[in-house]
Each structure stands twice: as C-alpha cells, then as structure tokens.
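Student: Show me how the following folds:
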Amino acid sequence: GRCVHSAKTLLEAAGTPDVPIIVDWRLNERHYGALTGHSKAQAIAQYGAEAVQTWRRTYRAEPPPWGAEDNHRMATDPRYAALGLLPSSESLAHTVTRVNDVWRERIKPAVNSHQTVAVVAHGNSLRALAMQLEHLSENDVAQLEISNAEMRCYQIDAGDAFLLRNVWRPAQESPLSDVL
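Tutor: Numbers count the residues shown, from 1 in each chain. Predicted structure coming up:
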C-alpha cells in the first residue's frame, strides 16, 4: 500500500534500503464507514458540513456504518480474515485504542531497546500515536492536524519522556487532501 511505498522511499533516501519494514494493520487509517471512498465534498453533499466536521474532528463521534455487504467483503479479505468481528466504522477513540496496542506491543519495545524507529502511517493513526507520545487530551488530539507527508521527530529525554523536536511539512498540500 501507500505507506509501504512511502517507507521504502524513506529508507532509500536515507541510504538504508535493507532495513526491514514491519507492517501492522493496526496502523491503518481510521475506518470512516459509509464515508469510505467519498471525497469531503461528496460526504458534505450527502450528510451536511456540520455532521462531516463532527465525525472528522471530534474524538468520540462515529460516522454512519458501512453496509452488511461491505463488512462481508472486508471480513473475507485475507488480510483481515483472522481478526474476527470488524468494526463498520470508527471514531478517533477507536483508532487510538488499536494504535495504543501496537505502540505497547511493537513500537515501544523497539524504542526501549535503543532502535531508531520510523512509523509510516495514515493521518488519524499518526494523530493517535501523537496523543500517546505527547500526552494530548481528547480535545487536543481532535484538533491536531498532521499533513500528508508530514514528518514528526521525537527524542527521548532522561526521564523517558518523548519530546517533539521537529516537524517537517511538505512544501505544498497533497492533491489527495480532499479525500476522507
């Protein structure tokens, strides 16, 4: 997918193409349910600007669910078949829960063993990870914007706290920015 391609590009640019890429579905983008595959403009036309803004930028609001046919298609996808019951949509709070799991199980142990870790993921998954690392409140993370192709660099202080050191943003907004 796009994140694996981006990770390979990053590793090539860093001169370290042989570093292994670990893929974990829990870093997938938030599941937008019935909004999946629609542009912001299409979603606004169907549901209204206020509803779409609430679903996109609040912590606990959940968009309308996918239909049963879409859930069946996803449940039979080999990448997700072993996961059991899948959500038909997610709030940012749901995304935070699954990202916190991958943080605790995979990312933090790598960091604790002094490995340099690059997490290449989608916007809401990165917001969820920033919430963990920066100790953001529900309101703060709901307002956090992470641009397409934005890179955030953290450093660990003597007390094992993560400090945001740098944020690099692309020179221009990605043409895909209108997609939910």
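Student: Name all residues that make contact with the residue nearest to the spatial centre of the chain.
Tutor: Centre of the chain computed as the mean C-alpha position; nearest residue by CA atoms, centre = their mean is residue 125, 1.8 Å away. Residues counted as contacts of residue 125 (CB atoms under 8 Å, 6 or more residues apart in numbering) are 26, 27, 28, 29, 30, 95, 99. In short, each C-beta sits where N, CA and C put it, glycine included.
Student: Can you tell me which of those end up in helices?
Tutor: In helices, judged by DSSP state H, the following of these are found: 95, 99.
Student: buried subset of the contacts of residue 125?
Tutor: Burial of these was assessed by neighbour count (16 or more other CB atoms under 10 Å); the buried members are 26, 27, 28, 29, 30, 95, 99.
Student: re earlier: how far away is the residue nearest to the centre of the chain from residue 25?
Tutor: Here the criterion is CB to CB, to the nearest Å. By it, residue 125 lies 10 Å from residue 25.
Student: what's the burial count for the nearest residue to residue 167 once chain neighbours are set aside?
Tutor: Distances taken as CB to CB, 6 or more residues apart in numbering put residue 152 closest to residue 167, at 5.3 Å, once the chain neighbours are dropped. Applying other CB atoms under 10 Å, we find 17 residues neighbouring residue 152.
Student: Buried residues, the helix or strand residue 152 falls within. List them.
Tutor: Assigned by DSSP states H and E, residue 152 belongs to strand 151-156. The neighbour-count check on strand 151-156 (16+ other CB under 10 Å) flags 152, 154 as buried.
Student: mind checking which helix or strand of this protein has the lowest mean pLDDT?
Tutor: Ranking every helix and strand in the chain by mean pLDDT, DSSP states H and E puts helix 68-75 at the bottom, with a mean of 72.
Student: Contacts for that one, please.
Tutor: Helix 68-75 is touched from outside by 36, 66, 80, 81, 86, 88, with contacts defined as CB under 8 Å, 6+ apart.
Student: ok, and the most crowded of those?
Tutor: Neighbour counts for the contacts of helix 68-75 (other CB under 10 Å) peak at residue 66, which has 21 neighbours.
Student: how about the nearest residue to it, chain neighbours excluded?
Tutor: Computed as CB to CB, 6+ apart, the closest residue to residue 66 that is not its neighbour in sequence is residue 88, at 4.6 Å.
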